[in-house]
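Colleague: 3D model of this:
(3 chains)
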Amino acid sequence: MARPDRRDTDQLRALTSVLGQLSRADGSAHFASGDTSVVCGVYGPVEAKLFDERLDRAHVEVKLRPDVGTPGTKDKWLEAAVRQTFERHILGHLHPRTLVQVSVQVRQDAGSLDACAINAAMLALVDAGVPLATMVAAATCAVLEDGRVVADPVAEEVEGARSVHTFAFAEGRPAEPVYVDSRGTFDMPEYDACYGVCAAAVGRVLAFMRSAIESKVTRESQVAGA
Amino acid sequence: MSTNIIDRRRINGPQRSVEPIYAKPVVAFSGDGRADGRLPESVRPIFMRTGPISPQASSAASPSGSAYYEQGRIRISCAIYGPRQGRKANPRMGIFNCEFKYAPFSCSWKRSHLKTSDEKEIGLMLEQAVSPAIRLEVYPKANVDAFVTVIESDGKAATISAAINCISAALVDAGIELYDSVAACSVALSKDLQWVFDCTQQEEDAASCSFLMARMPSVDEVTYLLQHGKTTPKQTADAIHVCTNVSTQVYAVICRHLKETLEGKNESDQ
Amino acid sequence: MSQSEKSGQITFAMQTFERIHPVEFQRRFLTQNTRLSGREFSQFRALHIVKGSIGTAQGSATVRMGNTIMVCGIKAEVCEPDVKRPKHGYLTTNVELSPMCSARFRPGPPSEEAQVASEHIHRLITPSVDLTSLCIEENKVVWALSADIVCIKYDGNVLDAAIVALVAALENLKLPEVKVDPATGVVEAGAEGGVQLGIVRRLFPATFALVDDNYLVADADDAEEQMTSASLLVVLDDQGQMVNVWKRGAGIISRDTIAKCVAAAATRKSEIEHALST
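Modeller: Purely as a prediction, here's the structure:
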């Protein structure tokens, strides 16, 4: 049985990204995986509010806005997930007593939003020049009713799936997941299969992100040179 | 029909929901017998516990003192923080704050998560009833905060008086300097014009007047009086008289518990 | 507080040391492969569950895990069903972390921690109950259950305690027999034991925390949680199948360690099962 958009089981949707689109932010990224698309702006390091000020490191704040309506607990949940994924990878001790604000705006949710939000935030942090220990990217896969493992599921597939798995990895460390959220009903072999699929997918996402950053840097250096 | 307020920081249910109508048993509230077979002047059995459950070192964020209090079906938990720095500060005296909250499932109807006006009012009443017992002048610029949560209630006046007793015990556990512990009790006026102690919700609904008194028994000073409903001055004077006796009994129960806890602690230290 | 100087070394009472340098204090235990509580790294706290203690709630349970105490109470109301799902009732789950249970929480609206816990538990419990069993009359009336999980004392690992409390309270839930008056639409409740909530699966949580970047401990208490760089929640169902694996924080918990934790969660499952049945 073919997938709704006729992809192979391990094929990701087309990835697109635009860096530095927002003029007011210190760095920004628009990241889309098929129809799921997220815009993220990073402000920082800026002055922290007295309450948030940390003496030895920068305070990382993530704000997430949904595509429709006002933010609810669902958005708060994802907000916390994005923040916890990055908090330790930002070299905050280089900017003590400051604030790094990450603003995530969901444009459209057509499945696998969590991974898309993490990827967009990552690109925006790189674009803003926030010092980072490593690059992190995320990918989602689902185990369908018939037992097939599909990468980057669309909303329709998530709806009928037995379990959905989102993994985030740091570059070059496929044995140490940074973030895991597996839910549904599944056993260890299924979990392992999903782990493998996501680890491979994250590798491709990271390569894509790297080339997106490289092409932006090249373009900027050409402009500067001309 | 109640409309539920959409709170975007919580999981929301349907916009409108109501409680089904329960067939309530009719209780005759008269002097010749109470639904639970108590005598008019008897208070429901009190159980209390102060301090952490296991004697293990507690973390820096845990309260300075805490108490759990049961009186019949009433269950109340209270935590005391302080003396600590607070938002309000008085250079001469400490400030005692009290936050009172009913758990959403603690009453016969579903309560809102948001703080309601009656919770604010009860919080203020507790502050006024308990503050006179605290030596606030020895804590200048500091705050003593009490957080009270009702896990289950049964009778409003009885719940408030239980909360006062619970805070008193928690204050002792926190080591806050006190003149005396405050002990409270409540009475309601039955149909045959008799004062009946510690009324349940059913009894209170049937009563024409409810009366609450908080008192410091060892110095014999009243710290708070509250009356709902109409009485003659004589009846009110009677109420004060009977409450004086019973609050002393309640006080004895609190003191006995605190003494036993202290003795238990000393034994485990040795 | 006793403080004396002997040969240039300052000595403190244990409690003083803990207050001044909590991280170093915990580290002294961890480097000796012990914990302040005397537990093994893989040892969970004992669970005590009391079901049905609250008379004003239709279902309730109190869970004690060391110094962490959570009370879950379920209030049942009736409402009109959603037009799109005419046979489905409602179940809302909210976790309350008030300043009463710990100084970490401020008065006012729920903190991020409380919101994330509420949301996560709601996502886990929704597929675990049969909401159609809450139907009274299709398209007309369904039950709306609101489960509130209140933390009375906070000493770490509220998520495990909250999930267990919720499951125990749902098991304890007794809904009354109801009659709908067709003319007025008034819902009258009669004797207990009308509709029974269909529980598809029970949830058995186990949380592991990576303390001080090096030590993976089961069921961290408050002091240990303060030093946690990553936490792992594993939830199993009655058959021992995995329902949720949730790793947060950037600390390193490797793939193999996660597999080991899943195995350890199966042991914890039998402990919780035992506590639920008594």
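Colleague: which parts of chain A sit against chain B?
Modeller: Proximity of chain A to chain B, by C-beta under 8 Å from any C-beta of the partner chain, involves residues A:70-73, A:76. All C-beta atoms are positioned from the backbone trio N, CA, C, and that covers glycine.
Colleague: what is B:Ile134 paired to in the beta sheet?
Modeller: Using DSSP bridges, the beta-bridge partners of B:Ile134 come out as B:Leu178.
Colleague: so B:Ile76: helix, strand or coil?
Modeller: strand (DSSP: H, G, I helix; E, B strand; the rest coil).
Colleague: that one and B:Trp195, how far apart?
Modeller: Distance, B:Ile76 to B:Trp195, by C-beta to C-beta, to the nearest Å: 24 Å.
Colleague: higher neighbour count, these two?
Modeller: A direct count of neighbours by other C-beta atoms under 10 Å in any protein chain shown for B:Ile76 and B:Trp195 places B:Ile76 higher, at 27 against 22.
Colleague: ok, the more buried one - contacts?
Modeller: B:68-70, B:148-151, B:159, B:162-163, B:166 (C-beta atoms under 8 Å, 6 or more residues apart in numbering or on different chains).
Colleague: quick one: the most centrally placed residue in chain A from A:Leu206, how far?
Modeller: For chain A, the residue nearest the mean C-alpha position is A:Ile118 (1.7 Å; C-alpha atoms, centre = their mean). To A:Leu206, A:Ile118 is 12 Å away according to C-beta to C-beta.
Colleague: need the residues touching each of these two.
Modeller: Contacts common to A:Ile118 and A:Leu206, judged by C-beta under 8 Å, 6+ apart, are A:Ala137.
Colleague: residue 201: neighbour count?
Modeller: Picked chain A for this. Counted with other C-beta under 10 Å, A:Ala201 comes out at 23.
Colleague: ah, no, chain B please
Modeller: Neighbour number of B:Gln201 under other C-beta under 10 Å is 17.
Colleague: mind listing what the residue of chain A found nearest chain B touches?
Modeller: Chain A approaches chain B most closely through A:Gly72 (4.7 Å), counting by C-beta to the nearest C-beta. Contact analysis of A:Gly72 by C-beta under 8 Å, 6+ apart lists A:66, B:8-9.
Colleague: one step back: which of the residues of chain A next to chain B are buried?
Modeller: Taking 16 or more other C-beta atoms under 10 Å in any protein chain shown as the criterion, what is buried in those is A:71-73, A:76.
Colleague: now, the most widely separated pair of those?
Modeller: A:Pro71 and A:Thr73 (8.7 Å; C-beta to C-beta).
Colleague: so what sits against both of the two?
Modeller: B:Arg8.
Colleague: which neighbouring elements make contact with the helix or strand where A:Glu220 lies?
Modeller: Using DSSP states H and E, the element containing A:Glu220 is helix A:188-225. On a contact count with 3 or more C-beta pairs under 8 Å, 6 or more residues apart in numbering or on different chains; DSSP states H and E, helix A:188-225 meets strand A:15-19, helix A:113-127, strand A:136-143, strand A:149-151, strand A:163-170, strand A:177-186, strand C:242-248, helix C:255-277.
Colleague: give me that answer again for 6 Å
Modeller: strand A:15-19, strand A:136-143, strand A:149-151, strand A:163-170 (3 or more C-beta pairs under 6 Å, 6 or more residues apart in numbering or on different chains; DSSP states H and E).
Colleague: that one - what's its average pLDDT?
Modeller: Mean pLDDT, helix A:188-225: 94.
Colleague: can you give me the buried ones in it?
Modeller: A:190-191, A:193-195, A:197-199, A:201-206, A:208-209, A:212-213, A:216.
Colleague: likewise stretch C:172-190?
Modeller: Per 16+ other C-beta under 10 Å, stretch C:172-190 contains these buried residues: C:172-173, C:175-176, C:178, C:180, C:187, C:189.
Colleague: restrict it to CA atoms and write it as PDB.
Modeller: What follows is stretch C:172-190 as a C-alpha-only set of coordinates in PDB (Å, rounded to 0.1, in the frame of the first residue of the first chain):
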ATOM      1  CA  ASN C 172     -11.900   3.700  42.100                       C
ATOM      2  CA  LEU C 173     -14.400   5.700  40.100                       C
ATOM      3  CA  LYS C 174     -18.100   4.900  40.800                       C
ATOM      4  CA  LEU C 175     -20.600   6.700  38.700                       C
ATOM      5  CA  PRO C 176     -24.200   6.800  39.700                       C
ATOM      6  CA  GLU C 177     -27.100   5.400  37.700                       C
ATOM      7  CA  VAL C 178     -28.700   8.200  35.800                       C
ATOM      8  CA  LYS C 179     -32.100   8.800  34.200                       C
ATOM      9  CA  VAL C 180     -32.700  11.500  31.700                       C
ATOM     10  CA  ASP C 181     -36.100  13.000  31.700                       C
ATOM     11  CA  PRO C 182     -37.100  13.100  28.000                       C
ATOM     12  CA  ALA C 183     -39.400  16.000  28.500                       C
ATOM     13  CA  THR C 184     -37.300  18.400  30.500                       C
ATOM     14  CA  GLY C 185     -33.800  17.000  29.800                       C
ATOM     15  CA  VAL C 186     -33.000  17.000  33.500                       C
ATOM     16  CA  VAL C 187     -30.500  14.400  34.500                       C
ATOM     17  CA  GLU C 188     -31.300  12.600  37.700                       C
ATOM     18  CA  ALA C 189     -28.800  10.500  39.500                       C
ATOM     19  CA  GLY C 190     -29.800   7.400  41.400                       C
END
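Colleague: which residue does chain B have closest to chain A?
Modeller: B:Arg8 (4.7 Å).
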